[in-house]
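Enquirer: Here's a sequence, model it:
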Amino acid sequence: MENFVVSARKYRPATFESVVGQHHITNTLKNAIRSNHLAQAFLFCGPRGVGKTTCARILAKTINCQNITPEAEACNECESCRSFNSNSSFNIHELDAASNNSVEDIRNLVEQVRYAPQSGKYKIYIIDEVHMLSNQAFNAFLKTLEEPPSYAIFILATTERHKIIPTILSRCQIFDFNRIRIEDMVRHLGNIAEKETIQAEPDALHLIAQKADGALRDALSIFDQMVTFSGSNITYRATVDNLHILDYDYYIRLTDYLLTQNLSGSLLLYDEVLKNGFDSHNFLIGIGEHLRSLLVCKDQATVQLLEVSDNVKAKYADQAARASVSFLLSGLNLVSTCDTHFKSSKNQRLHVELCLMKMAHLNAALNFAQEGAGNEAAPKKAKVGAPAPASTPSAGATIPSAALQQPSTGAVASGGLQQPGKSVPSEGLQQPPKPQHVTPDAHLSPPTATAAPVQHKERSAPMMPPPKKLSKLPSLKDLQQQASNTAQAVAVEEEEEVYQGAVVPVDEVKLRTVWADILRRKKVENMMEYTLLNRPYHISDNNELLLQVENPVLIDQFASLRPKLLSELKERLNNRSIQLRAEIMEQQESGNKLYTSQDKFNYLAEKYPLLVDMKQRLGLDTDF
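Expert: Numbers count the residues shown, from 1 in each chain. All right, here's what the predicted structure looks like:
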């Protein structure tokens, strides 16, 4: 019975040309051999199963070959090549640093370096897993590695470059090996299957390559396992069953359920995954990878990032066409959040099911958000360019020609419209001018020279005149007097405000909603303004919203906020007749304030003597 040799050994590359997926390294090494620019030490770094040791053996064999081909490959016919192929070469030494990592092992190696080769030009020392050497062994190796004999070449290989001390790294030419691409592994596996007369589906080879995660040696081991399982015919379904893989069919079915908002189907599929013995966390990670693949398929420029067969790529493209980008991005966000909190969850199944429930209703939520955005956009478009509402005078009212010639107001008295050729100042955009009231029985008379129009510029607290002397500061009495004067001016101005047309009652329910929204915004933007406005108010019959404050200083602060606040209330309540004013609330009856529990009890006992009798009967403690 012939001994079975695994594919990783049977089809191990023997030349630089047969190395899979490392052309950037093999071309450099061949050029170094052609030009005879060989370094004294090489360091091959990279993940497992990508060809580090194989390239080291090929390099050692080619260096000592007596008849190197023009392509810088070994001839496999000379005495050196034959001895290397039969593992009997005296010029090539391999050392496993994982088991020979002591200082004594390195000293023995250094002792061997003293002796020149009996045949050939070089003695090559291949040290595998060199990161396993101890620091003392590294230090013992430093001098020899820095100044070796002319005939000695060291080739070091490692999977963990960061564990090697910097003094070793600085003495080596470093080559970084890449992970083998899926396309290269599929092509290599297909060639081996053809040589072994094995029928293998391309989807099955892609699945084996994906499972290998960039390591060709792992891919060959899985390939041998599948040959043992299914014989000379490797199918995709047999590969999925044997390797116990959550294939793309699960995720395509799940995504179809989520797109159609089929929550029951999603939960049943998740239950099927658990019954088949798959891990919930792997299933969750697979959902994220599937959504990422669908997002990649949305653009032809990124389809190349999807490393699957053409058959599977067509299925991905079909499903990606039915899924919106918003759905995919929101789903990825939900999966990422669920993955972050998965380990800390007490009930991990419920945690994943909750994520599926949210994803099943994503389309409904996105549609609702789009409809809401459309409804909000329509009123905004209607408001653009709309004239301010104004009542039209009756047929009996006439407008004198003198009133039309007055240039001071800049607007027609009856309609409040801007005259042609007049520009509106910037302050007027924030607080529109108040039109004069027109009655059906009275004619409008031209404004007198003494009647100045009310200018609704932004009201702010009057600035104090700068003191003549820096040492003299205004007294508190002056500040209070100035605040009182400002309050009186605001009150007078409020009394002079006359609005055109009938007073439309304010919708108090809408007013409470708008006021609460303003408070929420002010709480985020300006805490001082929020504190000033967060006070009791009431609305009078003539649509005057009265805010109650404690002292004149607050009225002064309120005056600076009033114009913008009043303009916003008029716009959002759609009521131009609303007024806004602040007043000082009535002070409570004078007396000492109650601070301690004893003070409160004494105050209540004076009003209700029965409390003293109750305390004595119940034997309550008198110490508070």
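
Enquirer: just checking, Leu269 is part of a helix?
Expert: Yes: per DSSP: H, G, I helix; E, B strand; the rest coil, Leu269 lies within a helix segment.

Enquirer: Let me know the helix or strand that the most centrally placed residue in the chain is in.
Expert: What sits nearest the mean C-alpha location of the chain, by CA atoms, centre = their mean, is Asn333, with 8.0 Å. Take DSSP states H and E as the rule and Asn333 turns out to sit in helix 325-340.

Enquirer: For that helix, name the packing helices and strands.
Expert: For helix 325-340, the elements it packs on are helix 280-297, helix 348-360, helix 362-383, judged by 3 or more CB pairs under 8 Å, 6 or more residues apart in numbering; DSSP states H and E. Heads up, the C-betas are built off the backbone N, CA and C, glycines and all.

Enquirer: Let me know the angle separating it from helix 348-360.
Expert: In terms of direction (axes from the mean of the first three to the mean of the last three CA atoms, to 10 degrees), helix 325-340 departs from helix 348-360 by 170 degrees.

Enquirer: Now do Asn242 against Phe229, distance only.
Expert: Separation of Asn242 from Phe229 (CB to CB, to the nearest Å) stands at 5 Å.

Enquirer: do Arg581 as well
Expert: From Arg581 to Phe229 the distance is 88 Å (CB to CB).

Enquirer: So which of the two has more stuff around it?
Expert: Arg581 (21 against 13; other CB atoms under 10 Å).

Enquirer: need the helix or strand of the protein with the lowest average pLDDT.
Expert: Lowest mean confidence among the helices and strands of the chain (mean pLDDT, DSSP states H and E): helix 401-404, at a mean of 38.

Enquirer: Domain map for this protein?
Expert: Following automatic domain parsing, the chain resolves into domains at 7-178, 181-245, 247-374, 479-491+506-584, 590-624.

Enquirer: Could I get the full set of helices for the stretch 451-600 of the chain?
Expert: Along the stretch 451-600 of the chain, counting by DSSP state H, counting those that start in this stretch, helices occupy 476-496, 508-525, 527-533, 552-573, 597-607.

Enquirer: about what we covered before: for Val50, find the nearest of the helices and strands packed on helix 325-340.
Expert: Closest approach to Val50 among the helices and strands packed on helix 325-340 is made by helix 280-297 (22.6 Å; CB to CB).

Enquirer: so after the closest one, what's the next helix or strand?
Expert: Using DSSP H and E, the helix or strand that follows helix 280-297 in sequence is helix 310-322.

Enquirer: what does that following helix contact?
Expert: 202-203, 206, 248, 252, 255-256, 259, 293-295, 297-298, 303, 306, 308 (CB atoms under 8 Å, 6 or more residues apart in numbering).

Enquirer: so where's the stretch 151-300 of the chain shaky on pLDDT?
Expert: Counting by pLDDT under 70, not a single residue of the stretch 151-300 of the chain qualifies.

Enquirer: Could you report the neighbour count for Asn543?
Expert: Look at Asn543: counted by other CB under 10 Å, it has 18 neighbours.

Enquirer: What distance do you get for it to Val506?
Expert: Distance of Asn543 to Val506, given as CB to CB: 5 Å.

Enquirer: With Thr167 instead?
Expert: To Val506, Thr167 is 83 Å away according to CB to CB.

Enquirer: for Leu611, same thing?
Expert: 45 Å.

Enquirer: Could you look up the SS state of Ser119?
Expert: Going by three-state DSSP: Ser119 is coil.

Enquirer: Now do the contacts for it.
Expert: Counting by CB under 8 Å, 6+ apart, Ser119 touches 79-80, 90-91.

Enquirer: repeat that for 10 Å
Expert: Listed by CB atoms under 10 Å, 6 or more residues apart in numbering, the contact set of Ser119 reads 64, 66, 79-80, 83, 89-91.

Enquirer: again, but for Asp224
Expert: Contacts of Asp224 by CB under 10 Å, 6+ apart are 4-8, 10, 192.

Enquirer: Likewise for Ala200?
Expert: By CB under 10 Å, 6+ apart, the contact list for Ala200 reads 186, 189-190, 192-194, 208, 223, 226-227, 230, 232-236, 239.

Enquirer: same thing with Ala323?
Expert: Residues near Ala323 by CB under 10 Å, 6+ apart: 255-256, 258-259, 291, 294-295, 297-298, 331, 362-363.

Enquirer: what about Asn139, which helix or strand?
Expert: helix 135-146.

Enquirer: buried sites along that helix?
Expert: Buried residues in helix 135-146, counting neighbours by 16 or more other CB atoms under 10 Å, are found at 137-138, 140-141, 144-145.

Enquirer: Break down the stretch 51-200 of the chain into its strands, ranges please.
Expert: Assigned by DSSP state E, counting those that start in this stretch, the strands in the stretch 51-200 of the chain fall at 92-96, 123-128, 152-158, 173-176, 199-200.

Enquirer: what would these look like in a markdown table with distance to Glu272?
Expert: Formatted as a markdown table, the strands of the stretch 51-200 of the chain follow (distance: least, CB to CB, whole Å):
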| stretch | distance to Glu272 |
| --- | --- |
| strand 92-96 | 46 |
| strand 123-128 | 45 |
| strand 152-158 | 44 |
| strand 173-176 | 43 |
| strand 199-200 | 28 |
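
Enquirer: Quick check: which of these is nearest to Arg114?
Expert: By CB to CB (comparing all of those), the closest turns out to be strand 152-158, at 9.3 Å.

Enquirer: which neighbours does the closest one have in its sheet, and in what orientation?
Expert: Here strand 152-158 is paired, per DSSP bridges, with strand 41-45 (parallel), strand 123-128 (parallel).

Enquirer: who wins for proximity to Phe177 among the helices and strands packed on helix 325-340?
Expert: helix 280-297 (25.0 Å).

Enquirer: Could I get the phi/psi values of the residue lying closest to Pro505 once chain neighbours are set aside?
Expert: In space, and not counting its chain neighbours, Pro505 is closest to Asn543: 7.0 Å by CB to CB, 6 or more residues apart in numbering. Phi and psi for Asn543, reported as degrees, to the nearest 10, are phi 60, psi 40.

Enquirer: follow-up on the earlier one: lowest average confidence across the domains of the chain, which one?
Expert: Lowest mean pLDDT within the domains of the chain: domain 590-624, at a mean of 74.

Enquirer: Check the gap between the residue nearest to Leu243 when sequence neighbours are not counted and Thr239 for me.
Expert: What sits nearest to Leu243 in space, not counting adjacent residues and going by CB to CB, 6+ apart, is Lys211, at 6.0 Å. Separation of Lys211 from Thr239 (CB to CB) stands at 9 Å.

Enquirer: Those two: who's more crowded?
Expert: Taking other CB under 10 Å, Lys211 and Thr239 do not tie; Thr239 has more neighbours (26 against 14).

Enquirer: what's the angle between the host helix or strand of the more buried one and helix 310-322?
Expert: Using DSSP H and E, Thr239 sits in helix 236-243. For helix 236-243 against helix 310-322, the angle by the same axes, to 10 degrees is 90 degrees.

Enquirer: Flag every buried residue along the helix or strand following helix 236-243.
Expert: As assigned by DSSP H and E, the chain's next helix or strand after helix 236-243 is helix 248-259. For helix 248-259, burial by neighbour count (16+ other CB under 10 Å) applies to 248, 250-252, 254-259.

Enquirer: the inter-axis angle of helix 248-259 versus helix 348-360?
Expert: Using the same axes, to 10 degrees: helix 248-259 against helix 348-360 is 60 degrees.

Enquirer: Render the CA-only coordinates of helix 248-259 in CSV, please.
Expert: Coordinates of each C-alpha in helix 248-259 appear next as CSV, following Å, rounded to 0.1, in the frame of the first residue of the first chain:
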residue,chain,number,x,y,z
TYR,A,248,-24.4,32.6,2.1
ASP,A,249,-27.8,30.9,1.5
TYR,A,250,-28.7,31.5,5.2
TYR,A,251,-28.0,35.2,4.9
ILE,A,252,-29.7,35.6,1.5
ARG,A,253,-32.9,34.0,3.0
LEU,A,254,-32.6,36.2,6.1
THR,A,255,-32.2,39.4,4.1
ASP,A,256,-35.2,38.5,2.0
TYR,A,257,-37.3,38.1,5.2
LEU,A,258,-36.0,41.5,6.5
LEU,A,259,-36.7,43.3,3.3
